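Peer 1: I need the structure of the sequence given here:
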Amino acid sequence: MVAREMFVAGECFVRLRPRRTEDGLLVPLQLQLLQSEMLPFEKTETAANGNRIRCGIEFDAIGRRVAYHFRRSHPGDSTDRRVAVPETVRVPAADVLHVYRPLDAGQIRGLPHVAPAMVRLFLLDQYDDAELDRKKTAAMFAGFITKTAPEEPMIGTEEADPDGAAIASLEPGTLQVLLPGEDVKFSSPADVGSSYEAFQYRTLLGVSASLGLPYHLVTGDVRQANYSSLRAELVEFRRRVQQLQHGVIAHQLCRPVWARWLETARLAGRLDLPDPAVAQMVQWIPPRWDWVDPLKDIQAQVLAMEAGITSRRKVVEATGYDVEEVDRENATDTARAEGLGLRYRTSPGETQGARATPATRPDPGDGSADDSGDDIDAAATDRATNQE
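Peer 2: Next up, the predicted model:
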């Protein structure tokens with residue numbers, strides 16, 4: 001929800017709210033999400049204590065954030081009619097997390113990710129509406145009646161029917177009786193042609209580039225894509241997403257929440273931490289990515305591990321799992337399979353097709369050749385028995 005608000009509005013505020021013991025929470029801490037509209041942009045003034053308030057954020061003399069001035073209610077909430085202009089409340093900056101992606105040095109408020117594409121999307125919407133209106137207008141005219149006589153009624157007057165020709169209402173299968181000298185020409189409006197698809201494609205390409213998203217993810221159109229182009233787009237897209245995951249979400253949201261949760265749990269007596277600083281040293285593993293061809297990717301990862309280019313820990317973490325948890329599950333599965341007498345093609349921790357090699361070669365004449373011959377005969381006998 002925080003990530004969605006950041007993409008749509010450009011920023012999201014998370015207020016860390018401690019709770020009482022009688023509230024029944026295991027750890028007396030809750031998170032309150034506040035929309036961007038809750039912090040007024042127009043609030044730029046000097047506070048009573050001399051601090052400077054810019055766009056609803058209070059700064060001290062050296063430029064540190066000391067407080068946020070939030071509205072008590074959402075300005076777009078029509079159900080709350082207590083005051084015409086909601087008043088603001090001062091919240092210390094230590095209890096507020098401001099999650100946004102800074103683009104410029106000194107930027108204090110977030111910018112919506114869809115902002116660079118708003119103009120193109122507006123023009124595309126207008127173009128679609130104009131095409132729809134044109135087609136609706138053309139579809140209303142089924143045909144036109146032409147006359148040889150020059151007399152025509154004036155605009156705004158109704159034409160009489162002195163000859164008593166029957167005027168039928170429009171319905172499926174209607175046959176209209178015409179007067180002498182009249183002819184019917186059916187409407188044949190000009191089609192859009194190939195310009196509509198080309199305009200849509202180029203406009204959506206610009207929108208996708210402005211959003212930093214692959215074209216096929218924005219439109220769902222993969223007609224002109226192949227495996228190489230899809231993979232190239234996904235690699236660049238995932239690189240950008242990983243920057244947001246580790247540089248924005250994990251840094252601005254996950255780490256402060258984890259630190260506050262540890263502190264609150266320790267003060268509430270829920271955790272006994274001999275060294276709280278060590279408990280804060282955690283690693284954030286984002287959700288895994290699914291590739292277009294997982295077989296080739298797994299083979300590439302196995303080759304990278306065998307060549308020593310990467311470690312098994314990094315490969316497992318790339319799938320969204322903890323390597324220690326995976327190892328414990330493999331050990332548990334192996335012990336259970338051995339206890340039940342089960343044997344699979346490849347067991348965890350073993351390499352398929354591996355062969356044991358002797359450490360030293362036997363010297364000729366030391367008598368070991370006869371033993372090896374017996375072993376060969378025994379192996380041949382076993383194979384013959386299995387074939388039978």
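
Peer 1: helix/strand/coil for residue 290?
Peer 2: For residue 290, the assignment made with DSSP: H, G, I helix; E, B strand; the rest coil gives coil.

Peer 1: tell me the helices in the stretch 201-350 of the chain, going along the chain?
Peer 2: Using DSSP state H, counting those that start in this stretch, the helices found in the stretch 201-350 of the chain span residues 215-219, 227-244, 255-267, 276-279, 294-306, 312-318, 323-339.

Peer 1: Need those in a markdown table (columns: mean neighbour count and distance to residue 78).
Peer 2: C-beta coordinates here come from the backbone N, C-alpha and C atoms, glycine included. Listed next are the helices of the stretch 201-350 of the chain as a markdown table, based on neighbours: other C-beta atoms under 10 Å; distance: least, C-beta to C-beta, whole Å:
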| stretch | mean neighbour count | distance to residue 78 |
| --- | --- | --- |
| helix 215-219 | 16 | 33 |
| helix 227-244 | 13 | 34 |
| helix 255-267 | 16 | 32 |
| helix 276-279 | 12 | 46 |
| helix 294-306 | 12 | 50 |
| helix 312-318 | 15 | 47 |
| helix 323-339 | 12 | 49 |
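
Peer 1: mean pLDDT for the ones you listed: which is lowest?
Peer 2: The weakest mean pLDDT among the helices of the stretch 201-350 of the chain belongs to helix 276-279, with a mean of 84.

Peer 1: which residues sit against that one?
Peer 2: Helix 276-279 has contacts (C-beta atoms under 8 Å, 6 or more residues apart in numbering) with 262-263, 266, 273.

Peer 1: Dump the residues you listed to TSV, plus distance to residue 181.
Peer 2: Shown next, in TSV, are the contacts of helix 276-279 (distance: C-beta to C-beta, whole Å):
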residue	distance to residue 181
262	94
263	95
266	99
273	101
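
Peer 1: Make JSON lines from the helices of the stretch 201-350 of the chain and add distance to residue 132 to it.
Peer 2: Output for the helices of the stretch 201-350 of the chain, formatted as JSON lines (distance: least, C-beta to C-beta, whole Å):
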{"stretch": "helix 215-219", "distance to residue 132": "19"}
{"stretch": "helix 227-244", "distance to residue 132": "31"}
{"stretch": "helix 255-267", "distance to residue 132": "47"}
{"stretch": "helix 276-279", "distance to residue 132": "59"}
{"stretch": "helix 294-306", "distance to residue 132": "42"}
{"stretch": "helix 312-318", "distance to residue 132": "46"}
{"stretch": "helix 323-339", "distance to residue 132": "54"}
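
Peer 1: Out of the ones you listed, which is closest to residue 1?
Peer 2: helix 255-267 (13.5 Å; C-beta to C-beta).

Peer 1: Show me what the closest one is packed up against.
Peer 2: Packing partners of helix 255-267 (3 or more C-beta pairs under 8 Å, 6 or more residues apart in numbering; DSSP states H and E): strand 11-18, strand 29-34, helix 276-279.

Peer 1: got a markdown table for those, with distance to residue 107 too?
Peer 2: A markdown table is the format used below for the helices and strands packed on helix 255-267 (distance: least, C-beta to C-beta, whole Å):
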| stretch | distance to residue 107 |
| --- | --- |
| strand 11-18 | 10 |
| strand 29-34 | 19 |
| helix 276-279 | 31 |
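
Peer 1: Of these, flag the one that's most buried.
Peer 2: Compared across those, strand 11-18 shows the largest average neighbour count, a mean of 19 (mean count of other C-beta atoms under 10 Å).

Peer 1: Report the angle between that strand and strand 29-34.
Peer 2: Interaxial angle, strand 11-18 versus strand 29-34 (axes from the mean of the first three to the mean of the last three C-alpha atoms, to 10 degrees): 150 degrees.

Peer 1: residues making contact with strand 11-18?
Peer 2: Strand 11-18 has contacts (C-beta under 8 Å, 6+ apart) with 2, 5-6, 28-36, 38-39, 68, 70, 91, 95-100, 109-110, 253, 256-257, 260, 264.

Peer 1: State the pair within the contacts of helix 276-279 that is farthest apart.
Peer 2: Farthest-apart pair in the contacts of helix 276-279 is 263 and 273; separation 9.6 Å (C-beta to C-beta).

Peer 1: what about the strands in this protein?
Peer 2: 11-18, 29-34, 45-46, 52-54, 57-59, 65-71, 88-92, 96-100, 143-147, 182-186 (DSSP state E).

Peer 1: can those go into JSON lines with extra columns for distance to residue 326 and mean pLDDT?
Peer 2: Formatted as JSON lines, those follow (distance: least, C-beta to C-beta, whole Å; pLDDT from 0 to 100):
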{"stretch": "strand 11-18", "distance to residue 326": "31", "mean pLDDT": "95"}
{"stretch": "strand 29-34", "distance to residue 326": "30", "mean pLDDT": "94"}
{"stretch": "strand 45-46", "distance to residue 326": "55", "mean pLDDT": "92"}
{"stretch": "strand 52-54", "distance to residue 326": "48", "mean pLDDT": "94"}
{"stretch": "strand 57-59", "distance to residue 326": "44", "mean pLDDT": "95"}
{"stretch": "strand 65-71", "distance to residue 326": "41", "mean pLDDT": "95"}
{"stretch": "strand 88-92", "distance to residue 326": "42", "mean pLDDT": "93"}
{"stretch": "strand 96-100", "distance to residue 326": "31", "mean pLDDT": "95"}
{"stretch": "strand 143-147", "distance to residue 326": "72", "mean pLDDT": "68"}
{"stretch": "strand 182-186", "distance to residue 326": "71", "mean pLDDT": "71"}
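
Peer 1: Fine, thanks again, bye for now.
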